[in-house]
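Peer 1: Whatever this is, show me its structure:
(one chain, ligands or ions: 1)
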Amino acid sequence: MKMKNITVIGAGTMGNGIAHVLAQNNFNVKLVDISNDALENALKNISHNLDRMLAKKKISAEDKINTLNNITTYTNLNKAVNGVDLVIEAATENINLKLKIFKELDEICEKNTLLATNTSSISITKIASVTNRPDKVIGIHFMNPVPVMRLIEVIRGYLTTDEVTQKVMQMSNKLGKIAVEVNDYPGFVANRILMPMINESIETLSQGVAGVEEIDTVMILGMAHPMGPLHLADFIGLDVC
Ligand code: NAD
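Peer 2: Okay, the predicted model is just below:
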């Protein structure tokens, strides 16, 4: 099972970060979105983030050029999946949209192509069930911002094989990330634990137990969290939470 050519579907917050990290680690990336503006913004964003890394001497000018050269953009899904080893779907979090995309991917991708989703909350098994290759469907849950955060939650669907899981774990390590294998339950691990904590911090504020600064400071200094839960909720976006 080769792993060199990867399609990323969706060029929003997560898609552009995923494309950046893959391209910087020498994968050939085909980035596809229905919106031309999203693709243009993604390339600008990646270039800007590479400039920041260059200024901090984390990468060279040549690394920046190579990274950008490793990314090709598309608005046509059919062309974007031609000859790829893996597709990572990072489109809008909407179950019907994802089911539609995976049904189409199953029809147009070569039979050995692995199909992954970056979903935060939708069942991998359910997504896999609309394809004829549920053994080759897996969750690859990157964290935001992708170039900075080291964790990747690798989520096995009910029928995902050991071989596919191992392949994805190896690819994650090649990105300099730490991959953790988890099973397909609502929220997986990260959001199953994080979202109740954020919810409870909002309840704590609403019941007048303490103010925003106080709640965040208790969690930063008392639990050694790098950021308070209310600040984190704003960072993620309350709509996304
Ligand atoms: P976003 O809204 O920033 O980007 C989604 C992109 O998908 C948009 O550019 C949109 O044009 C595109 N899109 C919509 N339909 C499409 C289609 N049919 N084909 C191709 N592109 C299409 O969303 P995001 O925050 O990047 O989230 C993407 C996925 O990543 C979601 O499943 C989300 O749950 C997950 N996720 C998000 C975060 C986060 O913090 N934002 C973290 C981890 C995982």
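Peer 1: Return the set of residues that bridge with the residue most central in space within the chain.
Peer 2: The residue lying closest to the centre of the chain (Cα atoms, centre = their mean) is residue 142, at 3.5 Å. Beta-bridge pairing for residue 142 (DSSP bridges): residue 152.
Peer 1: list the contacts for it?
Peer 2: 14, 17, 18, 21, 90, 118, 149, 152 (Cβ atoms under 8 Å, 6 or more residues apart in numbering). No exception for glycine: its C-beta is placed from N, CA and C like everyone else's.
Peer 1: Of these, grab the buried ones for PyMOL.
Peer 2: Paste this into PyMOL to select the buried members of the contacts of residue 142, with burial taken from 16 or more other Cβ atoms under 10 Å:
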select buried, resi 14+17+18+21+90+118+152
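Peer 1: wait, which of the contacts of residue 142 is closest to residue 31?
Peer 2: For the contacts of residue 142, the minimum distance to residue 31 (Cβ to Cβ) is 8.8 Å, reached by residue 18.
Peer 1: The helix or strand containing the closest one packs against which elements?
Peer 2: Assessed by DSSP states H and E, residue 18 sits inside helix 13-24. Identification of packing neighbours for helix 13-24 by 3 or more Cβ pairs under 8 Å, 6 or more residues apart in numbering; DSSP states H and E yields strand 5-9, strand 28-32, helix 36-55, helix 61-69, strand 137-142.
Peer 1: now for these, which one comes closest to the ligand?
Peer 2: helix 36-55 (3.5 Å; Cβ to the nearest ligand atom).
Peer 1: buried ones in the closest one?
Peer 2: Result for helix 36-55 [16+ other Cβ under 10 Å]: buried residues 38, 39, 42, 43, 45, 46, 49, 50, 53.
Peer 1: Likewise for stretch 130-147?
Peer 2: 130-131, 133-143, 146-147.
Peer 1: With stretch 83-93 instead?
Peer 2: 84, 85, 86, 87, 88, 89, 90, 91, 93.
Peer 1: in terms of contact, does the third one touch residue 8 like I think?
Peer 2: What it means is residue 86. No: the pair residue 86 and residue 8 fails to qualify as a contact (Cβ atoms under 8 Å) at a distance of 9.5 Å.
Peer 1: The ligand contacts on this structure?
Peer 2: 9-15, 32-35, 38, 90-93, 97, 101, 118-120, 141, 144, 236, 240 (Cβ under 6 Å from any ligand atom).
Peer 1: re earlier: distance to residue 226 added to the buried residues of stretch 83-93, as a markdown table?
Peer 2: Below are the buried residues of stretch 83-93 laid out as a markdown table (distance: Cβ to Cβ, whole Å):
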| residue | distance to residue 226 |
| --- | --- |
| 84 | 36 |
| 85 | 35 |
| 86 | 31 |
| 87 | 32 |
| 88 | 26 |
| 89 | 29 |
| 90 | 24 |
| 91 | 29 |
| 93 | 25 |
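Peer 1: May I ask which two of the residues you listed are separated the most?
Peer 2: Taking Cβ to Cβ, no two of the buried residues of stretch 83-93 sit farther apart than 85 and 93, at 24.9 Å.
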